Structures are given as C-alpha cells and as structure tokens.
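Undergrad: What follows is a predicted protein model with its sequence.
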Amino acid sequence: MSMADVATDKTGTVWRSRGGDRRSTRTLRLRTSAVLLAATVLAVLLVPPLVQLDQQAVDLAAKLEPPSPAHPFGTDDVGRDLLLRCVYGLRVSLLVGVAAALTATVVGTAVGAAAGALGGWVDRGVMRVVDTISSVPHLLLGIFIVAMFRPGVWPVVASVALTHWLSTARIVRAEVLSLRARPHIDAAVSGGASRWRVTVRHLLPGVLPQAALAAVLMVPHAMWHESALSFLGLGLPTHTASLGNLIQEARGSLLAGQWWPTLFPGLFIIVPTLAVAGLAGAWRERINPRRRSELML
Amino acid sequence: MLELRTVTAGYGGNTPVFRDVSLSVAPGEAVGLLGPSGCGKSTLARVAALLHRPDAGTLLLDGTPVRHWRHRAPREQRTAFGVVFQQARLSADPRLALADVIAEPLRATGRREGAADRVAELAATVGLTADLLSRRPHEVSDGQLQRACLARALVLRPRWLVCDEMTAMLDASTTAALVRVVEDYRAETGAGLLAVGHDRVLLDRWCERTVDWATLTTPAPTPPPGTNKVRRGN
C-alpha cells in the first residue's frame, strides 16, 4: 500500500481513497511482475560470468537425477545440471526475444508510419503487401526463412522479426491515420512543415507509446517462436542450450516418468511471459488516462 | 486578392460537401462568412488556406491559379496563410510546451535565430504570461490555448488570416481580446481576413463585409453526417 492510497489526519482517522483495494492488487501485480522479471534478467546477466561452472559438463554417473540440493532442478540424460542449463538457455532465448522484438518494432513502425503519413496509393500498396504476408501462417513462413540459413541465433532472430512486424505496422498506421486528421497537423502544414518534419516531429512521437507497448508484448511471443523452432529442430544448433532445445531433448525422458527436464525449462518460458504481461498491463493502464487527458476526447 | 471560383469540395464520398461556391477577399479586407453548422464553411476555409484540395473549381491567389495543396504547395504560398481553428485543444500538439507550439513554424521554416524573441513578443501581444509558455496544452485553459494558437498563426507574418470559428468556445472577454489582436495585426500589416462563424453580431462588428453561406451557393443535397469535424486523410 503506497502513501497515496491512505492518508491519516490529525485526529488519527485513516482516510482511504475509493478504489484503494483495487489499486493495491494492481500494485501487487506490478511489483510481483517487476521482481520476477528483474530476477530473470539478473540471473541471465550475472550467473554466466560470476559462476565458474561449465553448463556443458557431462557426468554420466549422475544422469537423470531428480531435483536434489546438489542439483536443484535435477540433471538431464547425460548428467548436466539443469538449473545451469536453464539459465544459459534463458539467456539465449531472451536475447533472441529482445533482438527480434526490437527489429520487428523498428521495421513495423517505419512501414506503418510511412504508409499512414504518405497515404494514397503508397498506403494502399503497402497495406496490401502486409495483408498478403500475414495471410501465410507465420510459423510456416518463419520455418521457410530459417531453412534458408545455417542454424544459428541470427537466422532465428530474422525469422521471428520478419514475420512479426506486420501487426506493429497495422497499429502504427491506424494511429498515424487518426492523428493525421487532427487540426494540429493542418496547423503544422500551414506553418510550412515538410512531410518529413510532420512525420518525425508530430506523428511518430504520438505513436511511440503504442509501438513500445507492442514491442514489450512481443518479447515473450518471440521467445515462444524461438522455442517452437528449436523444438522442431530448425532453430538454434542442438548443442546450444536454449529453452526450446532443452524441452526437445527432454521429450524422451518425459515418457519414462522423468518430469523435471521438461517442467523447469517450461517454467522458464512461462514466468517471464507472465511478468512481461503484468508489467505491460500496468503500463497500459498508466498511459491511457494520460492520453485521455491530453486529447480531451 | 484571394479568389475562390465555383469551388466544389468534399471528402471522397459520392456527394461533395458543397458545390460551386465563389468568394473573394481583397488584400486588407475583412470578410465574415456566416453559415449554419455542417454547411461546409470549415471545408471552404481549409480550401482557401491550401489545406484541402477541392474536387473542382479554381483558387486564384493574386490572379494566379493555385495548382497544389498541402505539402505540394510551395512553402512560401502555404505560409502566407495564418490559420486559427475552432478547437484549440485539438489544434496544438499535446507534447509541446506553448512556447514550442508558437515557435514551431519558425523552426519548420529554418528561422531559428531570434525565435525566442519573436515568441516573447507575440506572447505579450496575445496576452500570455511567461509561466504559461512553459506549460503544455493540457495544463492551460481553452482560452489560453487559443491565444497561443493565434500567436502561432501570426508568427510568420502571414498576408492572409483564416479564422475558422476562432472564438466559438470562448467567453466574451477572451473573444474581444483575440479579435483586437487580429485587428491590430491587420492594421499594422494590411493582411486580409476570412473569418468563419455563426455569430452574426460578432461578424458584423468585426468584418467590413459579412456574407451568408446561402448566398454563395446552392448546397449539395445532403452533406454526409460528421464531415465538418471528423476528417479522413485526403
């Protein structure tokens, strides 16, 4: 409960603002998400350089051991420590997720803003191309793109980014179209602003909150795609620890009753996803009232 | 001379907002345009200020027909018009402080040096104090924001002023102050004025000549609802 929700006056009466309870659950969700995400990012950034352990170290005598104090997440079928493998896997998956989401957002924003700002036949042409690309199932298209390259991190990033800028382009274009019809753009045109200036000074800043939100929500989605591609054996090379590769390797032992090699990598996908969704939800609630007061609509 | 000859304009639908409207404003003249809500007078003002390409008809600027509108119009032609819109709230970029709103045309046309002085001078003219200049549009009242919008319209010293219901949402004292600023500017520079509105008393006192929309044209059968305020790209 923050200071803003509760006020105490001189007589000691506690005044609670209306909606305080709802706000506190919101705060709880926000804080839980922030802590989980911070823990994830810290683990990914700090564990590999600080902990001098070899994630590839094989110990065939200790293969497929259930979780124990020595191996909190257990070991896999060649005796590698799963906690360490999960952290390294998350590092790769997060890198792919962030890089792909950033690339997709930059491409999508550029295309959407150009289509919206130029309008006319450029807009119609570009949006038909977007419709055409999005009519192909994007996992299939992604598989097609990775299949053209050797397995590695960057083909996976390219595959996810090139199939996911479409929705950002649509969001940005729609926002630009609605902004463009407002009198302050007319005023800028009348004040001698060039097309470029109108776009970068007045239109793009207006769509950036939406684009940033789309980028954040895309990070976990890109991680799933990496996992899906790796699970299919098309993504990262099999010796690289990635969450998709870990689950793929663990398939066989799941049928034999060993649940830990699949459960923990799975959790490592789900937890950052929920944390990002929680943060993005709080962010959306925060930017909406501000936008409403700014636009006075 | 600003001359509209049998102009037809609309927003891409089957029926234009108006057909065959003719109107002229001489340099230094103040013309009031009266009309009911939704008749197309705002659209006419946008056509006259080179902000909306008409479907047919001619716009003559000092005897030369205008061929291009909006970004395609030469910059010196566009900036010869100072435009003030009805809804101040929507006609200022919500991210910019009022000083930046006023200075924006100077920056867009590459006249950065002396911009601060020009903004301070205009702020004094329209009656904005220094602390208001650092606020953003949602932190000031409609009247204060409209004063900033008028300052922005005057900042490039336009030869024509187009005031589209500039005072429709304002109280009497702000209305009087804004009209006085416009008149002082016109007395100083000899700029022409097209003032659009539906307040006959105000326009009669403000302008030398007040024309009724009905005398300009035969209106199109049914203007599509909402075309007056909600505009799609053109």
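TA: That came in fine, so what should we check first?

Undergrad: Give the full set of residues in contact with the residue in chain B that chain A sits nearest to.
TA: Nearest residue of chain B to chain A (C-beta to the nearest C-beta) works out as B:Pro105 at 3.1 Å. All C-beta spots, glycine's among them, are computed from the backbone N, C-alpha and C. Shown in contact with B:Pro105 (C-beta atoms under 8 Å, 6 or more residues apart in numbering or on different chains): A:190-193, B:79, B:152, B:155-156.

Undergrad: Where does the prediction get shaky in chain A?
TA: A:1-24, A:52, A:285-297 (pLDDT under 70).

Undergrad: Which positions in it make contact with chain B?
TA: Residues of chain A found near chain B (C-beta under 8 Å from any C-beta of the partner chain) are A:119, A:177, A:180-184, A:186-195, A:197-198, A:201-202, A:205-206, A:293-296.

Undergrad: Out of the residues you listed, which end up buried?
TA: Neighbour counting by 16 or more other C-beta atoms under 10 Å in any protein chain shown classes A:119, A:177, A:180-184, A:186-193, A:197-198, A:201-202, A:206, A:294-295 among the residues of chain A next to chain B as buried.

Undergrad: residue ranges of the strands in chain A, please?
TA: A:6-8, A:14-16 (DSSP state E).

Undergrad: Could you give the separation of the helix or strand the residue of chain B closest to chain A falls within from the chain centroid?
TA: Using DSSP states H and E, B:Pro105 maps to helix B:98-108. Mean-position distance between helix B:98-108 and its chain equals 17 Å (C-alpha atoms, centre = their mean, to the nearest Å).

Undergrad: Hmm, A:Val167 is touching A:Leu213, no?
TA: Residue A:167: Ser, not Val. No - A:Ser167 is beyond contact range of A:Leu213, at 11.8 Å (criterion: C-beta atoms under 8 Å).

Undergrad: so which of the contacts of B:Pro105 comes closest to B:Ala214?
TA: Comparing the contacts of B:Pro105 against B:Ala214 with C-beta to C-beta picks out A:Ser190 as the nearest, at 28.0 Å.

Undergrad: Isn't that closest one up against B:Phe81?
TA: Yes - counting by C-beta under 8 Å, A:Ser190 does reach B:Phe81; the two are 5.8 Å apart.

Undergrad: Pull up the overlap in contacts between these two.
TA: Residues touching both A:Ser190 and B:Phe81 (C-beta under 8 Å, 6+ apart): B:49-50.

Undergrad: residues touching the residue in chain A that chain B sits nearest to, list them.
TA: Nearest residue of chain A to chain B (C-beta to the nearest C-beta) works out as A:Gly191 at 3.1 Å. With contacts defined as C-beta under 8 Å, 6+ apart, A:Gly191 is in contact with B:79, B:104-105, B:108-109, B:152, B:155-156.

Undergrad: For those residues, give me TSV that also has pLDDT.
TA: Compiled in TSV, those are given as follows (pLDDT from 0 to 100):
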residue	pLDDT
B:Thr79	90
B:Glu104	91
B:Pro105	92
B:Ala108	89
B:Thr109	88
B:Arg152	93
B:Val155	91
B:Leu156	90
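
Undergrad: Quick one: which of those is the most crowded by neighbours?
TA: Within the contacts of A:Gly191, B:Arg152 tops the neighbour count with 30 neighbours, counted by other C-beta atoms under 10 Å in any protein chain shown.

Undergrad: which stretches of chain B aren't confidently modelled?
TA: In chain B (pLDDT under 70), the answer is B:217-234.

Undergrad: Can you list the residue ranges for helices in it?
TA: Listed in chain order, the helices of chain B (DSSP state H) span B:41-48, B:75-78, B:98-108, B:115-126, B:130-133, B:142-154, B:172-189, B:200-206, B:213-216.

Undergrad: For A:Ala193, which non-adjacent residue is spatially closest?
TA: Excluding its sequence neighbours, the residue lying closest to A:Ala193 (C-beta to C-beta, 6 or more residues apart in numbering or on different chains) is B:Ala108, at 4.0 Å.

Undergrad: Spit out the contact partners of that neighbour.
TA: Contact analysis of B:Ala108 by C-beta under 8 Å, 6+ apart lists A:188, A:191-194, A:197.
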